[in-house]
Each structure stands twice: as C-alpha cells, then as structure tokens.
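[1] sequence first, then the predicted structure, then my questions.
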Amino acid sequence: GSDEAEEAGGTESDSTETEDTTETEDTSAETEGDTEEASSEKLVIGFSQVGAESEWRTANTESMKAAITDAGHELKFSDAQQKQENQIKAIRSFIAQKVDAIVFSPVVETGFETVLQEAKDADIPVFLADRSVDIEDDSLWVTFLGSDFVEEGRKAGNWLVDELGDEDEVNIVELQGTVGSAPAIDRKEGFEEIIGDHSNFEITQSQSGDFTRAKGKEVMEAFLKSDGDNIDVLYAHNDDMAIGAIQAIEEYGLKPAEDITIIGVDAVKGAFEAMAAGKMNVTIECNPLFGPQMVDLIEAYKAGEEIPKRVAVEESMYTMDQAEELLPTRQY
Amino acid sequence: MKKLNLDYKQLPLIATIILFIIMYAFGSFRYTGFFSSQVFLNLFIDNAFLIIVAVGMTFVILSGGIDLSVGSVIALTSMIAASLIMNAGLSPWIVIPICLLTGTLIGMGQGALIQYFNLQPFIVTLAGMFLARGLAYVISVETIAINHPFFSYMASGRIPIWGDNFISPSVIIAFVVVVIAVFVAHFTKYGRNVYAIGGNEQSALLMGLPVARTKVMIYTVSGFCASLSGLVFTFYMLSGYGLHANGLELDTIAAVVIGGTLLTGGSGYVAGSVVGVMILGIIQTVIVFEGTLSSWWTKIAIGALLLLFIVLQRVIVIRSKTKKGIISQH
Amino acid sequence: MQNQTPRLAMEGIVKEFPGVKALSDVNFQLFPGEVHALMGENGAGKSTLIKVLTGVYSIDGGTVTLEGNPIHVNSPLEAQELGISTVYQEVNLCTNLSVVENIFIGRQIMKKGRIDWKEMNRQADELLKRLNLNIDVTKLLSSYSVAMQQMIAIARALNVQAKVLILDEPTSSLDRDEVNQLFDVIRNLQKEGLAIVFVSHFLDQIYEISNRITVLRNGEWIGEYMTKDLPRLELVEKMIGKELNELTSISKGKGDEVQTEKRESFMEVENLSKTGNIQPFNLDIHEGEIVGLAGLLGSGRTELARLLFGADKPDTGEIKIKGVKKQLNSPKQAIANRIAFCSEDRKAEGIIPELTIRENMILAMQGTKGWFRFIPKKKQIEIADEYVELLNINPPNPEQLIKNLSGGNQQKVMLARWLITNPELLILDEPTRGIDIGAKTEIMKLMVSLSEKGMSILFVSSELDEVLRTCDKIAVLRDRKKVSEISNKDHKTQHDIMKEMAGGM
Amino acid sequence: MIKSMIKSKLFWPIVVLVLILLFNLFFDRGFFSIEVRGGHLVGSLIDILNRGAPLMLISIGMTLVIATKGIDLGVGSVIAMSGAIGAMSVAGAADDSILPLFTAIGLSVGICVLAGAWNGLLVSRVGVQPIVATLILMVAGRGIAQLITGGQITTVYYEPYSYIGGGYLFLLPFSIFIVAAVFAIAMFLTRKTAIGLFIESVGSNPDASRLSGINSKNIILMVYIFSGFCAAIGGLILSSNVASADGNNAGLWYELDAILAVVIGGTSLMGGRFFLMGTLVGALIIQSLTTTIYSVGVPTEYNLVVKAIVVLIVCLLQSPEFRKRLTGAFGSKKGVKSTKDKGVTLS
Ligand SMILES: Nc1ncnc2c1ncn2[C@@H]1O[C@H](COP(=O)(O)OP(=O)(O)OP(=O)(O)O)[C@@H](O)[C@H]1O
Ligand SMILES: Nc1ncnc2c1ncn2[C@@H]1O[C@H](COP(=O)(O)OP(=O)(O)OP(=O)(O)O)[C@@H](O)[C@H]1O
Ligand SMILES: [Mg+2]
Ligand SMILES: [Mg+2]
C-alpha cells in the first residue's frame, strides 16, 4: 500500500499550490520514519465507513483496510450504509469492544459529540478520515485527515478562470451532488466563491444529479433541451455525473470538451478514460488512497508524538493532456 | 383452554422474543465484550427514537394503514428544532412544543386526507414523506449543529442503573411512550377501535364505532410519535439535518412486522414492535462486532439475518398452530 | 295501535344508486311494542331501507321521524346514539376480536378509566346464556361458524337500551332451536315496549312473530297489512306481483326409489376424519342421489362438507370416486374430480367483491380450464345471461359488480358459479340462505331436476322441511360425529330427525 | 359520451399529464416540437418516453403484484443486480460479435427472474407478508449487486450493449419498443388468457379464489416472477443507457416511484382490479414531472416539495369525494345531486 499512494500523489506535476499541501508533506515525511518502531505493537483499529455509495468511497475503504492489515493491525470494519445513526451505533460497539483506536469518516459533520465523549471517557483516540466534524471541543478527536471540498471547488473555479477568463460571456451549468451532502455544499461554495468575482461567468442552471451517472445524464439532457446551444461549461460535483453528462451531450449532437468545457471532481479512472478520449477537460483530484497516511498517523500518536489537528491529503488536478500518460497508473 | 387461546394470539410475539434471546446468546458466545449489560442497554440507547416511531406505526398498521412519512418528519423536526434553537435563539420550552405540534399537524392532515377524501394511506403518506423532507431542505440544506445546554444534557445525560451501567434520558421517554401505548391499546376504547378498524373497517362502521375520528386520530398519533422521536433523534444527534433518518420508515415498518403485527391490520402488539426494534438493533450489533464484513457483505448479511428471523418465526407459528389443533381435540 | 304516534316513521323515502333506483317513495311506520316484518323478494330494497334509516347510505329523498321528531342520521354511530340498534344482513363483526369484544366494542364497561375486562366477560357470558349459548367468550370470533357469529351479532344488538331494534335476516342460518330462543327474547323485548323490525324469508317465522307486515317490491312500497289479516298466499303474491299456484308441489319423484338403489355409487367415503373437527365417518353418495346433512348448530356439517371438497385436509380415511381411490388435498383436485362446493360463508368464502357478476360466475369453470384456455368473452356473456335469467338475478346486468347486489342475489350468483361447472357431485352448504321464497322453490326444483339427470347432491340445510322434501337419504350429525343415516323412504317427519339430532330422546 | 370518459379511471391521470406537459410550454416554446436529427427523432416528448421507459416497465410488473394485494420493494435492487450482471458479463467483450450481448441479457434476465421467484416463494409458500419478504431482497440485492461489481462503477465499452438503452430503431429510441413489447405481453397475458381474471380474483378474495379451484400460490409466484423480469429489463436499459453498472445507486428508490405510478394509474393497493394503461400514464406523469423540475429550473431544495404537491393533486383529483366537494363549493346547483352516491365508498 503506502508506496502506491505516494505514486499517485507523486505524479502531480503542475499542481496548484495550496497552503496546507506543503504542511502535509512535512508531516507525512515526519511520520514515515517512525513506522518500523511503532508497528511492533499490534493494535485493534475500528474503522467506521460512511457506506459504499461511490467508487471513490470503495477505493477509500480498500485503501484503509489494506493499510491497516498490511501494517499488522487488527481491523474492525463497519459500514454505516450512509446513516449517521448506524455510525453512532458502530462507534458505541467499538467502545464496548475496547478497540485501541477508532477511525471514522463521518456521514455528516454534526451530531457526534455524545458518542465521541464516550470514546474519550474510555480513552480511545478517534481519528477523522475524509470529512471533519463540527464540534467545538477539539479534544474529542486526535486529528482530521482528509480533503478540503471547498478547496476543490476553488480549484475548479480557478482553473476555469485561467482557461476562459477572457471570454465575454460564459454560461455554466452545474450538476450538484446529493442535496444536503457535504461535498455538494462545499464544492458549490468554493466554485461560486471564485466565479463570483468574475462578472462574465454565470451559472445558468443548477440541479442535483445525486452523484450518479444515470441522474447526471438525465439532468444534463434536460439542461440541453431547455437551453442547449448556450451552454459553455459544465461543472459537475463528481466525475460520475460528468461522465453521464458527456453521453447526454454526445447524444444531443454536441462535442464534449470542445463545444462544452467539462470539469469534474474526484479524478476517478473513468474520468481519465474520458479525458484520454478527448471528451473531458479537467478533473480535480480528491484522493481516497490515504489509508497508509492514516495508519502512520495512528502509530505516531500511539508512539506519543504530537499530531497536528488537521492533515491534508496530497491532491492535485489533472487535465486532458496528462490523461493518456497517467491512465495506466490509476487504480480506481 | 383459555390459556391456550391466549398463547395462540400471542404466538408471533413469543416467537420473536425467543428468537431475540437466541440471537443474543449467539452473539455472547461468539464475541468477547458482547455479553455485557451495557451492550444490552446500548440497544435501547441507540434505538430509543426507533422504538417511539415504531409505537406510532404499530397503531397505524394495526388499523390496516401505513405511514411512510415518519422518517421525513423526524428530519423535519430535527431541522426545525435546530434552526429555532440555533438561528432564532428560542428557548427549548418553546421549540419543543412547536416541534411536536408540527409532526402532529402533519399526521392529522394526512389522516384527514385519508379519511375524508378516501385516499390510500400509502400514497398520502408518501406525499407526506416528500413534503416533510422537502420542507427540511427548504429550511436549510446544510446541517445545523446544536449547541445548547438543555439539548446537550439530553444528549449526554447518563442515568446510572446498576454498577457502571447507564441509560440516556431518551430511553426513559421511550419507556414512558411504550407504557402509555400498551395501556391505550388494551384498556381504552380508542385502542380497541383501532383493532376493530383493522379487522374490518366496514364492520366497525356498521357497529357504530367512530371510524372517521379514530382514523384521523391514528395518523395524528403517528405524527406525534414521529415528531417526538424526531426530538429524541435530535438529542441523539445534536444536530438538524435534512438527510436525517433517510429510509427510516422501512426500518420502522420492518420492526413492527417482525414484532408480529400483521400488515393487513387487526392483529399485533405494541410490545412486539419493541422486540422488533431490538431484533433489528441486535442484527446491527452482531454485524459490527463481526467487524470483517465488507460494505456489500454487510447488506447481504442483514438480508440473510432478516430472512432467518422471518422464516423461523413463520415456522414456529405454523408448527404451534398445527399442534394446537391436536390439543384442542380433548 | 294505529292511533298511537309511531315510534319511527319513514315517508316517501327515495334512494338511488348509479343506474339502480333501489327505493322509490317508500313508507314505513313502526309502533312501540310491535314486531314489524319487512317483506319482499331478493333485491326488493329491504336492506337498503334499513341502511338508509341507520345512516349507512345517505337519503336522496323523503323524511324520517323518530317519536315525532324529524331526524337526519349520517352514520351508524348516530343511529345508535338515537337508540336504533341494528343487526345487518351480512354478519358485520370483527373476526379478529374476541367474542366479548364484539359484543361490547364501542360501549365497553369502564372502571377507573380503563376497560374492565373481567366484568365484560361475565356479562357477555350471561347475555349469551340468555340465548342459550355456552361458549368461550374470550376466543376469537373467527373460531366460530357463521351461524354462531350471527347469534353473537344478535347478542350485541340486544345488549343496549334501544328504542328500535332492527334485525335483517337474523335467522338465515339458524336452526329451529336457536330461532325459538331468539323469538323468546324478542317477545320479552316486545313486552317491554321495544319496536322491532324483522326481515326474513321464512314465512313461518313471519307469521309466528310479527304483528304487521310491510311489503316492498322492486324498491316500491306495496302496502302495509296486519299479519293476521293477510293470508300467506296473498302475501307471496304481493311480494312477487303475480299469482302463484305451484309453490308447494316440489318433492322428489318418490316413485324412483328402486331406480335410485340401482344407480352406481359416485363417492364412497371411509373413515374420513380430521382431528378436532370431525370424527371418522363413512358415507356413500350414489349418482343422482340427494343426500341431506342434518344436525344442530356446530354439529360439524360444514366441516364434513369441506373435507369432501378438499378444502381442509383429512387426517385419516380415504375417498373413492367411482370405485377409484382419490386424494382430495385441495379444492382444485376436488373440482378436477367434478365436485363442486358452495360455501355457507358467502362473504368470506364466496363472492369476489371487486369482480362482476359474469366474472364471478365463470370463475370456477375457468379454474378447471387453467390459465391459457380462456373462455372467450362472447361465450362468457352467453353463459352469464343464461344463468341470470334462469335464477332470476336482479339487476339482470352481468356487468354489475357483485358487491352491489343484494344478499340473496349474491347467493344466486354463487349457485350459478357451481352449476356452470356441471359437476357430478354438488355440495351445497346452506344454499338457500337469504334467498326469497320464490327463488327458493326454483332452486329446490332445480336440485331435483339435476339429480334426475344424474347429478349427486350433498345438501346441508338448517331447514328440515327443505331437507325432507328433497333428499333421498339424510345423514345426521351430532357433536362432530355422524350418528345415523336415515332413508327418506317412508315418510319421515321433522320430528324423527330432530330426535336423532338432539341425541335420541 | 363525455360522462363515460370522465368516469373512466384514465381520465384524471391523463388530464394531469397533459397539464404538466402544457406547463412546460410556458418555459419552452418548442417543448412539443419533434424533429429529425442525426437519423432519429428528437424532442422533449421523445425524451420523456425514453427516460421513462425503465419506470414504465417496472410499474407494469408492479401493477400485477399490487393487484394480488402484494407489493414488491425489491425491484430497485433487482435493477441494480440486473445492470451489474449485464455490464460485468460484457465487460471485456469485443465489439464485432453480438453473442456476448445475448449472454448478458440471458444471464441478467435469468438471475433476476430467479430473484423474483424467490420473492414469490417467500410470499406464496412460506406465507411471509409481501412487504417484509421483498424488503429482504431490497437490502440484500443491493449488496449482491455491489458484490458483483466489486463496489466499483464498471464502465462498458462494448457498443452493442449500449443499444438496449441508447439505440434507435425506425427513428425512435429502442427502449420505447421494449416497453411496447412488454406492455403487449402483459396485456395479452392478462386480457386474452385467464391470468388477469385469476390475479384480480386472488387479490380481491384469496379464500374464495382457492375454493373456486384457483391455484392462488402459483398466481402469486407468477406475478413476482414477472415483476423480476420487468425489473431485469429495466435494469438493463438503465445500465446500458449510461454504459456502466453502479451497484449502489442504480434503481435507488425506484420501488416507490413504481408504486406511485401504479396508484396514480387507478389500481388500488388493496388488490383486485388493475389498470395497466393507467399505470403507463402514471409512470409518464412521474417522468414528465421529473423532467419538468429539471428543465424549469426549480431550486434543488424545492424538488421534493413540488413532487409532493403534484402527487397530492393527482390523488385528490381522482378522489370522487374531493371532486364532489369541489363542485359543491363552486356550483351549488350540483351540490344537491352530489350527495347521492356516498354509499359507494362503503361497499
Ligand atoms: N351499493 C350499491 N350499489 C348499487 N346498487 C346497489 C347497492 N346496494 C344495493 N343495490 C341494489 O339495490 C337493490 C336493493 O337491494 P337490497 O340489498 O336492499 O335488497 P334486499 O331486499 O335486502 O334483498 P335480499 O333479500 O336479497 O337481501 C338491489 O337491486 C341491489 O342490486
Ligand atoms: N355450541 C357451540 N359451542 C362451541 N362452539 C361451537 C358451537 N357451535 C358451533 N361452534 C363452533 O363453530 C364451528 C362451526 O361448526 P360447523 O361449521 O361444523 O357447524 P355446522 O354443523 O355446519 O353448523 P352451522 O353451519 O349451522 O354453523 C365449530 O368449529 C365450533 O368450534
Ligand atoms: Mg337484504
Ligand atoms: Mg355450517
């Protein structure tokens, strides 16, 4: 596991530099060194995952599972089926089983105080993966390792401004994720933040495509029907919806990536395939393969090291021209 | 003879309890830490809200109806509570009645549509389900964390029972609801009318029972229970969120039916639904303790365990029925 | 009596259903302390009048006054509150509740804010004893037969302080003993000044209990008469609207007895039993023979019939059809062996409420043909038309939904369903339940003529005179056991059979 | 004539459908226009038919299940399973042979029919209540679908596969022909054979049906199998349309939409009479509503509220009691007459 993640992270060539990325690299480098020493102790780690709602999530689960077992620890895995109540129950059970550490990707940011307090009372350290929690008392968890969805939205916006900033009028349609989900809200927010400063950009239509290909295609079809010739850009909150939309665009008789610029998020394999085929312009990476990084953090914590409250995952952005070359290396 | 007859009516319930005990024993043998009283109490802590909706749903199903809106009403309640407490800064003593009233009114509206326009409960409450969740989104699509001493107390308050074991205030609320519901179901006219309507609505009408009033009341009670459950859920989550309790209506219906209530109405027990909730809870607990199942195997395992329960329950009921035939010969 | 103010008066009552005028300009007066019979053929509008009065249906025209005050009843609940207690034609109780509950629901005895189950059980026991019923009142209603349920429904209606008591065909599946019990109770209530409406197709009962008769025909009011002034024949003529002379002349051609003996056996039953339902019994049914089953309420007649039809699975014994051993494990198998069974519980086991008359009629026949040999619609219509006419079904529209028919007409459709399959053995469990006197005669005649053509018939009826008139042989059941078999050769009387039924007094 | 039209179960659903379509006209003048482009007909109406094909199919199956007083919550998961099986079995196929396509269709239909049979057996032989029996498949089926795809979204590059849900025949989307064929089969089976009569009779009074010699168990088994079959084809269309299989999301909540379509179409959840044509109209209402929400630009957070309101309006329009009150409120002349058939509700 761990070198694979490095590879994915290492391939970034012209990544837009962000403040925490640099910080992250330091931490991961730091923790790397202690791996040998820390792993001598076998830990029982409870990992509560959101669900298996997308292949990004599945890749994340796999990475986490592999990293934990490869490091010689015992894994207790629980899938919350996208329900927060299940996740709370799972954490309670982890506490009852007296695990050594709990890793979890919260379904939503709120509502974990009580159970995290119980974990703290039982002296079990909690590590947040992928999404954070919204709790004032930050002593309830050790650290949060994950992507910044707002930042992903910003990246998408910045790329677009760089690319089409000179045009007079750019009409954007947006395919949102599941209504109310954190990535949908944040990716929208980050994107609008950048676009809002440029009066030549306008989001003309915006609908939820539930993060799925089928819905993405269906909604895009409706967009095209009502105003097909005036769409310049498609911003999809994930690659799957973008891929669905690409099919709709083709069926409508336009050329994706030429007639309509297409931006996706996640950088899943499908997006690379689409980009390699010249049908998609860019995808913002949201890296799920941070299992090894997480295991390192846990071991470092157990070894008594100081851990920063926020650790960012190495992430980048891939454009059409990189796709061909990188496609064979994508694992998910 | 009398005793036998009683047994027969309660058979599905008894079968369910037996199955629960078997499952619990199985878990205790297999997993360390499973056989602890706190794990058992956690079943109640983690499912208090489900018990409360299941109680309301039991009345609906006993009357031959169904209420699909409960999950969404929970979400809406949590959203109203959160936004009023956090954004409007109101006191819980105002917010709680508002929340309860919202759910009750939604329930009453559904009941009135079902009764007075003769619409099918499934569809009316399906529309109610869309509406309540939609309204929750309209309030806000984002989650609102609640940070208020009263709510925090309800969330993390621990009521010690024996030793280190504790329950939460919500468990007490659920317990009170169950006791009241059992009383209502068996010792009040309203409760008996619900059974009669479920048995045969037309007969109930011809026997001069207040069918219209009772039916509207049934959905009102279910709405009330859903909003009360929404509050308990809000204590549990300390947040309001439009996606809360997504799909919970199916869990609730499953719990009620596993608890031995017939979907066609007229037969079942409130207590059965509580056991039904416990069974769903223990299935989850077992799966978490197992801790090795992948996401998809988790789903398959839940399905398989559900199947096991339902089939065993049928087998127990059918076998005892035939046995009873032989006994009653004497 | 006539000078008193009536307790209840209905005037110019009109009720229309889509396409049917069920009541037009009907008048009805009811005085305290009288038993007023409401008479008419099937579909004449008796039940509709009662339903309109008790708020089940809304009234389209006319006025109702109770003790001189005009009333508007919108629901059965309101009717009850006004002191009108009703037993409707179909048993309208909840089979999922216990007997006590069915008697008391809606007016349970409360103590300290809760239902007092103990007291209710006690009172229910007492009440049923008054009707001479000794049953476990805590058992579910569904564990009792239709007849028993009918008694319980009556008990429920009696358990109130009412001003008006309405009984719509309460005796349709009761036998003589029960009827006597009921009449005793009615006479007592009558003395207390209750006003009672009584509907029945049994003329004997009408003449025994009623003081006055109102006759309806086709939803129209024909007249009101003092019972003692109206001879039977005249009553029947008023009901059917034409002269009548051949009414009493049915009986099986008894000259053929010798021939009957010679006929081949159709079904031989040996040691058939089902634990808890019926003890082992033997029975031979010959071709062209009508076998009667007599017995008291709950003696096991229905159970026996169901075993022969494969509706229940027997525990022991075997059935031979035409000398060949057969397994009858399901109705389907029985039907394949040309057996038909018309259940006594029309509502639960007979009609398919959502379907039309035509579809209800051809159902069993289509069942024998399977999924793919569909009877063409044209053929269906032909068949339906034929039987609508033969059995005089009203309304004569095969596309009418069966749930909209009057009780008696539904029963006729059920008969038609089985006649259409042209069975070799026809099992009829209380087939004349709720059927008017004219149709009853027609059905008896039909039975006899079918048997003459070689059809065997097993006839279960609570009316001994019907049994005596038609059957070649009568099997008597007592306490779920076949106790004797009587040949109907040498002019048996009802009394002979009653003796057997009651246990050789 | 007009009276009998209004009485027909189809009348009000069609009115609503037409209203929804007309509503679109306000926002898009060309809503009703259909033109030939790239060798096929395009236009919003065609889109609605095309997009609504899976829902129509599944609702046809659901209609028969509901007519037997049952319900099939498993269809959504069966859709996912079917898509997963179909996509996985053509994953590596070469474009030039169409044999893999038939293997794929055969495999997914076969397995989904088995899934339907499973439901049917649980309901008819074991005697489990339909909602719970099918809930099992609803939960486990999705797991099975994910198991098949390994939790990934499998993309299919095999061209013939895309034809099922994305191809065109005689200018029209191929999926429309599939719906027409399945609908014709269903119509034939239920109206030209005795199956329809038996389904209605079993749904209306199972005991009486048994005593009339109808093997109600087989009828029940059959309808669940048919529902599985419809879901299988619907799943193939959905998966082929996006040329991929998504075990977790494909067909999510389709069961509710299908039930809704059936009820809007006039079939009662209490079993008995069923109306296949009405179901089609119901499915089209739901699809046009969805499309309208997308193209009219309803803010996402209002989607569900709009849907709820439309569903309520459709149901209310179909309720005789409601129409009576409406006419009672608007024309007092009719008010007197309208109290007449109150009795109908009872029986
Ligand atoms: N709900 C209904 N819809 C349409 N027609 C109905 C309805 N109820 C009754 N009818 C019709 O009204 C007429 C009178 O029926 P009713 O039940 O009053 O007859 P009845 O005198 O009680 O007959 P029976 O002796 O068979 O019980 C019949 O023609 C019947 O078909
Ligand atoms: N007097 C009674 N005491 C207790 N149970 C009774 C009595 N009468 C009837 N039952 C119940 O009713 C059921 C029906 O019996 P069955 O149907 O064989 O009666 P039957 O001879 O057909 O008479 P009928 O059809 O007139 O009711 C029996 O299972 C029995 O439990
Ligand atoms: Mg009548
Ligand atoms: Mg009988």
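    Good, I have the coordinates. Ligands and ions are numbered 1, 2, ... in the order given.
[2] C-alpha only now, for contacts and for neighbours.
    OK.
[3] isn't B:Gln90 up against B:Leu84?
    If you look again at residue B:90, you'll see it is Leu, not Gln. Yes: applying CA atoms under 8 Å, one finds B:Leu90 in contact with B:Leu84, separated by 5.8 Å.
[4] the two: which has the busier surroundings?
    More neighbours surround B:Leu84 than the other of B:Leu90 and B:Leu84, with 20 against 13 (other CA atoms under 10 Å in any protein chain shown).
[5] wait, is the more buried one part of a strand?
    No: B:Leu84 sits outside any strand when classified using DSSP: H, G, I helix; E, B strand; the rest coil, being helix.
[6] now it: how far from ligand 2?
    Separation of B:Leu84 from ligand 2 (CA to the nearest ligand atom, to the nearest Å) stands at 61 Å.
[7] tally up the residues packed near C:Val460, please.
    26.
[8] list phi and psi for it.
    phi -100, psi 120 (degrees, to the nearest 10).
[9] same check, this time on B:Tyr153
    Per degrees, to the nearest 10, the backbone of B:Tyr153 is at phi -60, psi -50.
[10] again with C:Gly106
    Main-chain dihedrals, C:Gly106, degrees, to the nearest 10: phi 90, psi -20.
[11] contacts for the helix or strand containing B:Asn193, please.
    Remark: B:Asn193 resides in helix B:189-199, with elements defined by DSSP states H and E. Contacts with helix B:189-199, where a contact means CA atoms under 8 Å, 6 or more residues apart in numbering or on different chains, come from B:59, B:61-65, B:184-186, B:203-204, B:209-211, B:214-215, B:218, B:264-267, C:94-97, C:105-108, C:115.
[12] buried among those residues? Make that a ChimeraX selection.
    Of these, the buried ones go into a single ChimeraX selection, burial set by 16 or more other CA atoms under 10 Å in any protein chain shown:
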select /B:59,61,62,63,64,65,184,185,186,203,204,209,210,211,214,215,218,264,265,266,267 /C:94,95,96,97,105,106,108,115
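[13] count of residues packed around B:Ser78?
    Quick note: B:Ser78 (other CA under 10 Å) scores 33 neighbours.
[14] helix/strand/coil for it?
    Three-state call for B:Ser78 (three-state DSSP): helix.
[15] wait, it touches B:Gly230, no?
    Yes: B:Ser78 lies in contact with B:Gly230 (CA under 8 Å); the separation is 5.8 Å.
[16] re earlier: got the buried residues for the helix holding B:Asn193?
    Of all the residues in helix B:189-199, those buried under the rule 16+ other CA under 10 Å are B:189-199.
[17] okay, residue 5: pLDDT?
    As the question left the chain open, I've gone with chain A. Among the per-residue scores, A:Ala5 shows a pLDDT of 36.
[18] hm, I was asking about chain B
    Listed pLDDT for B:Asn5 reads 44.
[19] quick one: which two of the buried residues of helix B:189-199 are the most distant?
    B:Lys189 and B:Gly199 (15.1 Å; CA to CA).
[20] number of nearby residues for residue 227?
    I'll assume chain A. Neighbour count for A:Asp227, taken as other CA under 10 Å: 13.
[21] not quite, go with chain C.
    Residues near C:Thr227, counting by other CA under 10 Å, number 20.
[22] go on, C:Ser75?
    If you count neighbours by other CA under 10 Å, C:Ser75 ends up with 23.
[23] wait, C:Val179 touches C:Ser173, no?
    No: judged on CA under 8 Å, C:Val179 makes no contact with C:Ser173 at a distance of 9.6 Å.
[24] the more surrounded of the two?
    C:Ser173 (27 against 18).
[25] for that one, give me its contacts.
    Taking CA under 8 Å, 6+ apart, we find C:Ser173 in contact with C:146-147, C:150, C:430, C:433, C:462.
[26] what does C:Pro280 give?
    Each residue near C:Pro280 by CA under 8 Å, 6+ apart is listed here: C:270-274, C:316-317, C:481.
[27] any idea which of the residues you listed has the most stuff around it?
    In terms of neighbour count, C:Ser273 stands highest of those at 23 neighbours, by other CA under 10 Å.
[28] now it: which helix or strand?
    With DSSP H and E as the test, C:Ser273 turns up in strand C:265-274.
[29] please name the strands paired to whatever helix or strand comes next after that strand in the sheet, noting orientation.
    From strand C:265-274 onward toward the C-terminus, using DSSP H and E, the following helix or strand is strand C:278-286. Within its sheet, strand C:278-286 is paired with strand C:265-274 (antiparallel), according to DSSP bridges.
[30] and the strand it pairs with, anywhere near ligand 2?
    No: using CA under 6 Å from any ligand atom, strand C:265-274 never reaches ligand 2; the gap is at least 11.6 Å.
[31] so what's the residue in the stretch 201-332 of chain A that chain B sits nearest to up against?
    Using CA to the nearest CA, the point where the stretch 201-332 of chain A gets nearest to chain B is A:Ser208, with a distance of 12.1 Å. By CA under 8 Å, 6+ apart, the contact list for A:Ser208 reads A:175-179, A:219, D:300.
[32] and C:Leu477, helix, strand or coil?
    For C:Leu477, the assignment made with three-state DSSP gives strand.
[33] A:Glu218 contacts A:Gln247, correct?
    No: the pair A:Glu218 and A:Gln247 does not pass the contact test of CA under 8 Å, sitting 9.8 Å apart.
[34] who has more neighbours, the two?
    A:Gln247 (26 against 23).
[35] that one: what's it in contact with?
    By CA under 8 Å, 6+ apart, A:Gln247 lies in contact with A:217, D:242.
[36] in the helix or strand harbouring it, what counts as buried?
    Following DSSP H and E, one finds A:Gln247 within helix A:239-252. Using 16+ other CA under 10 Å as the test for burial, helix A:239-252 gives A:239-249, A:252.
[37] pretty sure A:Ile260 contacts A:Leu234?
    Yes: when contacts are counted by CA under 8 Å, A:Ile260 is listed as touching A:Leu234 (6.7 Å).
[38] what is the neighbour count of the residue in the stretch 51-200 of chain A that chain D sits nearest to?
    Nearest residue of the stretch 51-200 of chain A to chain D (CA to the nearest CA) works out as A:Glu55 at 4.7 Å. A:Glu55 has 23 neighbours, counted by other CA under 10 Å.
[39] check the gap between the spatially closest residue to it that is not a sequence neighbour and B:Thr102 for me.
    In this structure, A:Glu55 finds its nearest non-sequential neighbour in D:Gln152, 4.7 Å apart by CA to CA, 6 or more residues apart in numbering or on different chains. To B:Thr102, D:Gln152 is 42 Å away according to CA to CA, to the nearest Å.
[40] what's the spatially most central residue of chain B in contact with, if anything?
    Residue closest to the average C-alpha location in chain B (CA atoms, centre = their mean): B:Ala54, at 1.4 Å. By CA under 8 Å, 6+ apart, the contact list for B:Ala54 reads B:252-253, B:255-256, B:273-274, B:277.
[41] give me the element it is part of.
    Per DSSP H and E: B:Ala54 is located in helix B:37-62.
[42] quick one: average confidence on that helix?
    Mean pLDDT, computed over helix B:37-62, is 91.
[43] C:Gly83: what's its closest spatial neighbour, skipping adjacent residues?
    Take C:Gly83 and drop its neighbours on the chain: the residue closest to it by CA to CA, 6+ apart is C:Ala162, 4.5 Å away.
[44] can you count the residues close to C:Ile222?
    Look at C:Ile222: counted by other CA under 10 Å, it has 18 neighbours.
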